[in-house]
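>>> my questions concern the predicted model and sequence given below.
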Amino acid sequence: MPAPLPSPASIRRLRAWLAAYLMIAVLAAAAHLRPVLQAQSLPTAAARWIWKPIDQLDHNPTAFYAVRDFRLGSPTARARLMITADEEYVVTLNGKRIGAGAFEPGAPLDVYEAGPLLLPGGNRLLVELRSGDGTGGLLASLVDEATGRQIVGTDDGWRILPAHQLGLVRGWMPIGAGEPAFAWGYPPIGRWGSPKVSAPRPLLGEEMGPPLPAAAMLPLSLPAGLTDGRPPGSPVLYDWGRTVEGYLTLEMPPAKDLGMALLFTGETPPDPLAARPTAAVLVMPGEPEWLDARPRRFRYALLVGLKRPAAAAVRPVPPGRVRPPRPIRDRVFGIQGPPLRTPVEDEVWSKLQRLPGAARGKDL
């Protein structure tokens, strides 16, 4: 006996369900493709904001490498690298440091002419990233200026490596041991906004002059009442004898753990209890040298919290390159709030307070 034919009402219901499923699929595809299509109109094209995989509750200071290998049949004559990172970065292409910088809301991307450093065959783009509270982001895009084609951009194909090794920077050590980067997504995202392009900056090696070592290094004791003597991490004051402008560099024996210190700079010897730190110093495990991400103007530099002895020098930059420091917003609706310390400040001072002989009642 033949099966009964479906009723017209059943056929209409089936068509309605199929139409609903098709509409849901179309809307889902549109929601997925919309940010991809929007990104194509941005200067960074398909690049996404990336970072190392972290726990949402992890706010510990961090420093690490984000690395990407790529191949070229023949290097392009002109290639533009657009990059920014929150909080700060130092970028290396095929073993050559080409730039450094720090994120500022609303500021354009840093742009470097990277074509002369590209090689036929294998290439390595490596970015040292630092964050005082553990969170942040990197956005970078390398573009062939002749065709507008993106050669490489930040995405989850990048690898994250937590410690410095010379072979990683020079390019002969494989990066397979690293973990995949976590992609936050396409811009604009949160406070990072839509990327804008600035005029090209000089490459770091062309901009910086020969190192100017500090004229004097004076080990200091910790503030009275904190502890006796000079335990590891005690302040060290560097004096150049005159005002200098440039990137501060520190050389030190490599260590297996992340190095953390507070940097104070000024035209007079800084008081670490009266002034806010100029910057946090985060030294990757295994790293023998730290380069500041910003050029600064100062005569004195005070370092607090670094357990390893450090030799200090300044790589000078042309006049006018140093920008004034950003103002610290410590008022809300005109009301002065309590002083807030960064996680790096908390870590450095708490370690010194935990030292034998430290006065427990002293709150720095």
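Here it is on my side, so go on.
>>> pLDDT weak spots in the stretch 251-364 of the chain?
325-340, 353-364 (pLDDT under 70).
>>> which residues in it form helices?
343-353 (DSSP state H, counting those that start in this stretch).
>>> count the neighbours of residue 12 for me.
Counted with other C-beta atoms under 10 Å, the neighbours of residue 12 add up to 11. The way it works is simple: take the backbone N, C-alpha and C, and place the C-beta from them, glycine included.
>>> return the distance of it relative to residue 129.
Using C-beta to C-beta, to the nearest Å, one obtains 58 Å as the distance from residue 12 to residue 129.
>>> repeat for residue 205
Taking C-beta to C-beta, one finds residue 205 at 20 Å from residue 129.
>>> settle it for me: which of the two has more neighbours?
Per other C-beta under 10 Å, whichever of residue 205 and residue 129 has more neighbours is residue 129, with 26 against 12.
>>> so which elements touch the helix or strand containing the more buried one?
Residue 129 belongs to strand 121-131 when elements are defined using DSSP states H and E. Helices and strands touching strand 121-131, as assessed by 3 or more C-beta pairs under 8 Å, 6 or more residues apart in numbering; DSSP states H and E, comprise strand 62-72, strand 79-86, strand 88-93, strand 137-144, strand 279-283.
>>> would you turn those strands into TSV with mean neighbour count?
Converted to TSV, the helices and strands packed on strand 121-131 look like this (neighbours: other C-beta atoms under 10 Å):
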stretch	mean neighbour count
strand 62-72	20
strand 79-86	24
strand 88-93	23
strand 137-144	24
strand 279-283	23
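>>> dump those into TSV; add distance to residue 352 as well.
As requested, the helices and strands packed on strand 121-131 are exported to TSV (distance: least, C-beta to C-beta, whole Å):
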stretch	distance to residue 352
strand 62-72	21
strand 79-86	28
strand 88-93	24
strand 137-144	31
strand 279-283	15
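>>> gap between the nearest residue to residue 303 once chain neighbours are set aside and residue 307?
Spatially, and ignoring its direct neighbours in sequence, residue 303 is nearest to residue 236 (4.9 Å; C-beta to C-beta, 6 or more residues apart in numbering). Distance, residue 236 to residue 307, by C-beta to C-beta: 11 Å.
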